[in-house]
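[1] Predicted model and sequence follow; I will ask about them next.
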Amino acid sequence: MRTVKIVLVTLLSAGVLSVLIAAAVIYAGLFNVAATDRHWAATCWVLNTARVRSIKVHAAKLAPPAGYDAPKNIVSAVRHFSEHCVTCHGAPGAKQSELAESMYPRPPSLKEVADRYTSGELFWILKHGIKMSGMPSMESDGDAMLWATVAFLEKLPQMSEDVYNDLWMQAQAASDHGSMDHGSMNMDGAGTMSQPADGHAAGPAGAGAGSAQTPPAGHSHK
């Protein structure tokens, strides 16, 4: 019994000492928070494991609503994706921006990683964001638009540049006719897509102002 008590006291003392040392290192500013200073392998493992497990647990009971992947919803989601996601995550025919390449951790190409997640996990990430990663919450865009974006992301890994451009042009045409609203879209795609003050539909990331008829990544529409 005495041996057990000694072991417990030793472990407790070591734990308290470790916490005090860590606190001293942090308070002294010795821990480098610069994005140019990469994490230790152990730190990466802890952060990645925490992220993966948290997403899986919190999204476990989420299921997409009926009709979330209707073609009209995917068209509307392309507009949302081009406005909010392409700069950091790229798209078929569009590279990630230099800003994204300079971030740490660097945002992944969604074309390469979207199929690693379930529908519920993609929705949870879009709605709640991820701490300390640069991924914001998009809760204000509404569940309907986020589920539509999930449907689009599920098709993204196999999507060609031409298909993406065609979808984007359809979204532009729908916007010109006032048929969608990415902030308050019903699941049937009804509503009005918001437009900039100059009256032109906003182009995808990388497109110049007023380039409503310019497909993503500067490619001509076929």
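    It's in.
[2] pLDDT on stretch 40-57, on average?
    Stretch 40-57 shows a mean pLDDT of 94.
[3] Equivalent analysis for stretch 115-123, please.
    Throughout stretch 115-123, pLDDT has a mean value of 96.
[4] Now it: buried residues?
    By neighbour count on 16 or more other Cβ atoms under 10 Å, the buried set for stretch 115-123 is Y117, T118, S119, G120, E121, L122, F123. Just so you know, the C-beta spots here come from the backbone N, C-alpha and C atoms, and that holds for glycine as well.
[5] do stretch 48-57 as well
    So for stretch 48-57, counting by 16+ other Cβ under 10 Å, buried means R51, I55.
[6] got a list of contacts for that stretch?
    Identification of contacts with stretch 48-57 by Cβ atoms under 8 Å, 6 or more residues apart in numbering yields Y117, E121, W124, I125, I130, S133.
[7] next one: that stretch to chain centre, how far?
    Here stretch 48-57 is found 15 Å from its chain centre; the criterion is Cα atoms, centre = their mean, to the nearest Å.
[8] likewise stretch 44-56?
    Put simply, stretch 44-56 sits 16 Å off its chain's centre (Cα atoms, centre = their mean).
[9] now swap in stretch 148-164 and tell me
    On the basis of Cα atoms, centre = their mean, stretch 148-164 sits 14 Å off its chain's mean C-alpha point.
[10] Quick check: mean pLDDT of it?
    For stretch 148-164, the mean per-residue pLDDT is 95.
[11] and if you look at stretch 89-102?
    Rounded mean pLDDT across stretch 89-102 is 91.
[12] distance between the ends of it?
    Taking Cα to Cα, to the nearest Å, the first and last residues of stretch 89-102 lie 13 Å apart.
[13] Could you verify that P157 is part of a helix?
    Yes. P157 forms part of a helix when assessed by DSSP: H, G, I helix; E, B strand; the rest coil.
[14] What about it, how many residues nearby?
    Counted with other Cβ atoms under 10 Å, residues neighbouring P157 total 15.
[15] Contact partners for it?
    K111, E112, A114, D115.
[16] Quick check: it vs Y117, distance?
    For P157, the distance to Y117 equals 11 Å [Cβ to Cβ, to the nearest Å].
[17] Strands of the chain, start to end?
    Assigned strands in the chain: none (criterion: DSSP state E).
[18] averaged over its residues, what pLDDT does the longest helix seen in it have?
    The longest helix of the chain (DSSP state H) is helix 2-27. In this model, helix 2-27 has an average pLDDT of 85.
[19] Done for today, thanks.
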